[in-house]
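**Student:** Pasting the sequence and the predicted coordinates here, then a few questions.
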Amino acid sequence: MAQKVQFVETVLRDANQSLIATRLPFEKFEPMLQTIDKAGYYAVECWGGATFDVCLRYLNEDPWERLRKIRASVPNTKLQMLLRGQNVLGYSHYPDDFVSLFVRKAVENGMDIIRIFDALNDVKNMKVAMEATVSAGAIASGAISYTTSPVHNHKKYVELVKEMKNMGASTICIKDMAGIMGPQEAYDLVSAIKDAVDMPVDLHTHSTTGLAFMTYLKAVEAGCDIIDTAISPFSGGTSQPATETLAYALRQLGYQVDLDDSCTKTLADYFKTVRDEYIADGTLMPKALATDTQCLTYQVPGGMLSNLLSQLKQMNALDKFDEALIETPKVRADLGYPPLVTPTSQMVGVQAVRNVLDGQRYKTVSKEIKAYCRGEYGTTPAPINPEIKAQILAGEKEVEGRYADTLEPVVESAREKLGELAKSDEDVLSYIAFPNLAEKFFEERKAKEENCVSYSIVEA
Ligand code: CO
């Protein structure tokens with residue numbers, strides 16, 4: 001029997017995030033939800049930290065309401081979200097009561113698969129989210145934050161996979177957020193994981209460097225079960241490679257692909273017009289769709305490069321770009337080779353710029369880097385350079401064990417603080433994740449409702 005390859009469609013989340021900064025409002029993709037449901041995807045990725053943030057910040061949408069509405073129109077296909085382990089949707093660690101309640105409510109509102117990762121691949125930071133997912137009856141997908149360094153190798157990744165399996169993960173995702181994984185690496189890593197555990201493996205990469213099609217093909221040859229792709233108009237560049245192209249090529253090679261071509265055609269036709277609107281208004285920049293091989297040289301994700309550029313521009317120091325680029329991998333090495341993914345990518349990038357602009361390394365250090373050196377983000381892949389750590393900490397004490405164990409519960413106090421402004425546990429969770437944004441959203445919602453009431457009285 002032909003080997004089956006399944007697809008996760010990313011247009012609602014990663015493609016949307018990578019190309020147009022997550023600006024797709026619900027109404028823009030609503031007409032396509034039933035087609036997505038009929039297309040034969042393994043899952044639709046539809047939620048993550050940025051989705052939540054942008055819904056509240058720019059789109060005036062309740063992210064929970066969005067999830068319920070997607071669920072109502074997509075009853076047959078699994079819905080998937082990306083969760084930053086103990087960071088949930090944010091940039092620092094939360095207490096366990098928040099992590100558990102968040103996961104439980106996400107599942108209650110319709111989520112089927114929670115893909116859980118930690119920026120340092122520290123399983124201590126994935127455990128609570130993983131257990132909450134399993135006990136809520138959803139699929140916990142354990143994700144490897146993929147990177148290359150002198151201390152990262154297949155043996156360690158396989159160990160990580162086994163630990164995630166023991167914690168309750170029923171599928172494994174290799175998450176190559178920068179699109180730096182080459183076809184041979186994919187073949188070797190998928191083979192190593194498949195040899196070690198009998199679990200479905202999903203590969204997630206980006207087209208940034210142009211490797212993605214080849215990488216997926218070799219991964220599939222090694223037995224990869226699921227690949228993450230984006231419908232063609234929202235594919236390529238910093239997004240995923242195209243769904244239809246991979247379906248076509250894989251079928252030609254004899255693999256079983258259960259996607260409905262008439263559905264993907266309908267989706268492509270529709271999203272082409274959506275894409276053109278975003279190109280016309282400048283939200284989708286041509287640069288995001290281009291191939292950029294610079295990240296292969298510097299092992300710096302594409303998103304970080306544009307952040308470096310904008311930081312330097314703000315400080316009128318664009319001439320320091322090359323220096324900052326060379327400094328970035330050095331900072332990463334000093335910090336014990338963290339994979340560069342939210343939030344470590346931002347922390348390393350900002351520090352590299354500081355080091356270059358100050359003309360002295362680690363003269364200024366962000367509070368996040370300090371917390372990182374205290375151990376608040378978990379165990380680093382390699383030890384932090386001891387001299388630099390001593391300089392940064394200047395005698396401050398390090399965390400022993402798991403940082404979240406030192407945090408006080410937050411849910412009850414947030415509930416009390418919000419009072420009637422919060423109408424549900426979901427509101428309380430939005431508030432803990434994004435206090436300012438959520439509070440403003442609740443105030444506006446209240447004002448709108450009061451307006452409606454007086455209006456109906458007048459009308460009556
Ligand atoms: Co991604």
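**Tutor:** Received it, and whenever you're ready, just let me know what you need.
**Student:** which residues touch the residue of the stretch 51-200 of the chain found nearest the ion?
**Tutor:** The ion sits closest to residue 177 of the stretch 51-200 of the chain, with a gap of 5.0 Å, by Cβ to the ion. Bear in mind the C-beta positions are built from the backbone N, C-alpha and C, glycine included. Neighbouring residues of residue 177 by Cβ atoms under 8 Å, 6 or more residues apart in numbering: 145-146, 204, 206, 301, 339-341.
**Student:** Now the two most distant members of those.
**Tutor:** Taking Cβ to Cβ as the measure, these span a maximum distance of 15.1 Å, between 204 and 340.
**Student:** picking up where we left off before, and the residue of the stretch 51-200 of the chain closest to the ion, which of the three is it?
**Tutor:** Of the three states, residue 177 takes coil under DSSP: H, G, I helix; E, B strand; the rest coil.
**Student:** Strands of this structure, residue ranges please.
**Tutor:** 6-9, 43-47, 78-83, 113-116, 139-145, 171-175, 201-204, 226-229 (DSSP state E).
**Student:** Residue 330 is nearest to which of these?
**Tutor:** Nearest of the strands of the chain (Cβ to Cβ): strand 139-145, 20.3 Å.
**Student:** Angles on the backbone of residue 378, please.
**Tutor:** phi 110, psi -170 (degrees, to the nearest 10).
**Student:** Over to the one 5 residues further on?
**Tutor:** With angles defined as degrees, to the nearest 10, residue 383 sits at phi -60, psi 150.
**Student:** Could you measure from it over to the ion?
**Tutor:** 28 Å (Cβ to the ion, to the nearest Å).
**Student:** tell me, how many neighbours does the closest residue in space to that residue that isn't next to it in sequence end up with?
**Tutor:** Once flanking residues are discounted, residue 383 sits nearest to residue 336: 5.7 Å by Cβ to Cβ, 6 or more residues apart in numbering. If you count neighbours by other Cβ atoms under 10 Å, residue 336 ends up with 19.
**Student:** Turn the contacts of residue 177 into a markdown table, including pLDDT, distance to the ion and neighbour count.
**Tutor:** Listed next are these as a markdown table, based on pLDDT from 0 to 100; distance: Cβ to the ion, whole Å; neighbours: other Cβ atoms under 10 Å:
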| residue | pLDDT | distance to the ion | neighbour count |
| --- | --- | --- | --- |
| 145 | 96 | 11 | 26 |
| 146 | 96 | 11 | 25 |
| 204 | 98 | 6 | 27 |
| 206 | 95 | 6 | 30 |
| 301 | 70 | 10 | 25 |
| 339 | 94 | 12 | 25 |
| 340 | 91 | 12 | 26 |
| 341 | 88 | 9 | 25 |
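**Student:** Give me the nearest residue to residue 221, chain neighbours excluded.
**Tutor:** residue 187 (6.3 Å).
**Student:** The one you found contacts residue 219, correct?
**Tutor:** Yes. The pair residue 187 and residue 219 passes the contact test of Cβ atoms under 8 Å, sitting 6.7 Å apart.
**Student:** and these two? which has more neighbours close in?
**Tutor:** More crowded of residue 187 and residue 219, by other Cβ under 10 Å: residue 219, with 28 against 19.
**Student:** how about the residue lying closest to the more buried one once chain neighbours are set aside, what does it touch?
**Tutor:** With Cβ to Cβ, 6+ apart as the criterion, residue 219 has its nearest non-adjacent residue at 4.1 Å, and that residue is residue 186. Listed by Cβ under 8 Å, 6+ apart, the contact set of residue 186 reads 174, 203, 215-216, 218-219, 222, 224.
**Student:** Mind doing that once more with 6 Å?
**Tutor:** Counting by Cβ atoms under 6 Å, 6 or more residues apart in numbering, residue 186 makes contact with 215, 218-219.
**Student:** Equivalent analysis for residue 143, please.
**Tutor:** Here residue 143 is in contact with 115, 117, 173, 175 (Cβ under 6 Å, 6+ apart).
**Student:** mind redoing it with 8 Å?
**Tutor:** So residue 143 contacts 82, 115-117, 172-175, 204 (Cβ under 8 Å, 6+ apart).
**Student:** remind me which residues of the stretch 1-150 of the chain are low pLDDT?
**Tutor:** For the stretch 1-150 of the chain, applying pLDDT under 70 flags no range at all.
**Student:** Give the burial count for the closest residue to the ion within it, as a bare number.
**Tutor:** Ranking the residues of the stretch 1-150 of the chain by distance to the ion (Cβ to the ion) places residue 14 first, at 4.5 Å. For residue 14, the count of nearby residues is 26 (other Cβ under 10 Å).
**Student:** Could you do residue 446 as well?
**Tutor:** Residues near residue 446, counting by other Cβ under 10 Å: 13.
**Student:** list the contacts for the residue lying closest to it once chain neighbours are set aside?
**Tutor:** Of all residues not flanking residue 446 in the chain, residue 421 sits nearest, at 6.9 Å (Cβ to Cβ, 6+ apart). Contact analysis of residue 421 by Cβ under 8 Å, 6+ apart lists 427, 439, 442-443, 446.
**Student:** Would you mind giving me the confidence score for residue 421?
**Tutor:** Looking at residue 421, its pLDDT is 94.
**Student:** how much space between it and the ion?
**Tutor:** 34 Å.
**Student:** How about residue 247?
**Tutor:** For residue 247, the distance to the ion - Cβ to the ion - is 20 Å.
**Student:** if I look at that residue, how far off is residue 419?
**Tutor:** With distances taken as Cβ to Cβ, to the nearest Å, residue 247 is found 51 Å from residue 419.
**Student:** So which of those two has more stuff around it?
**Tutor:** residue 247 (21 against 7).
**Student:** wait, that one sits on residue 264?
**Tutor:** Yes. At 7.1 Å, residue 247 and residue 264 qualify as touching, with contact defined as Cβ under 8 Å.
**Student:** How about the residues of the stretch 1-150 of the chain by the ion?
**Tutor:** residue 14 (Cβ under 5 Å from the ion).
**Student:** repeat that for 8 Å
**Tutor:** 10, 14, 17-18, 82 (Cβ under 8 Å from the ion).
**Student:** likewise the stretch 151-300 of the chain?
**Tutor:** 175-177, 204-206, 228, 240.
**Student:** As a markdown table, those with distance to residue 198 would be great.
**Tutor:** Shown next, in a markdown table, are these (distance: Cβ to Cβ, whole Å):
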| residue | distance to residue 198 |
| --- | --- |
| 175 | 21 |
| 176 | 23 |
| 177 | 26 |
| 204 | 20 |
| 205 | 23 |
| 206 | 28 |
| 228 | 21 |
| 240 | 27 |
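**Student:** Single out whichever of those residues has the smallest pLDDT.
**Tutor:** Among these, pLDDT bottoms out at residue 177, giving 91.
**Student:** distance of that one from residue 205?
**Tutor:** For residue 177, the distance to residue 205 - Cβ to Cβ - is 8 Å.
**Student:** go on, residue 377?
**Tutor:** Relative to residue 205, and taking Cβ to Cβ, residue 377 is found at 24 Å.
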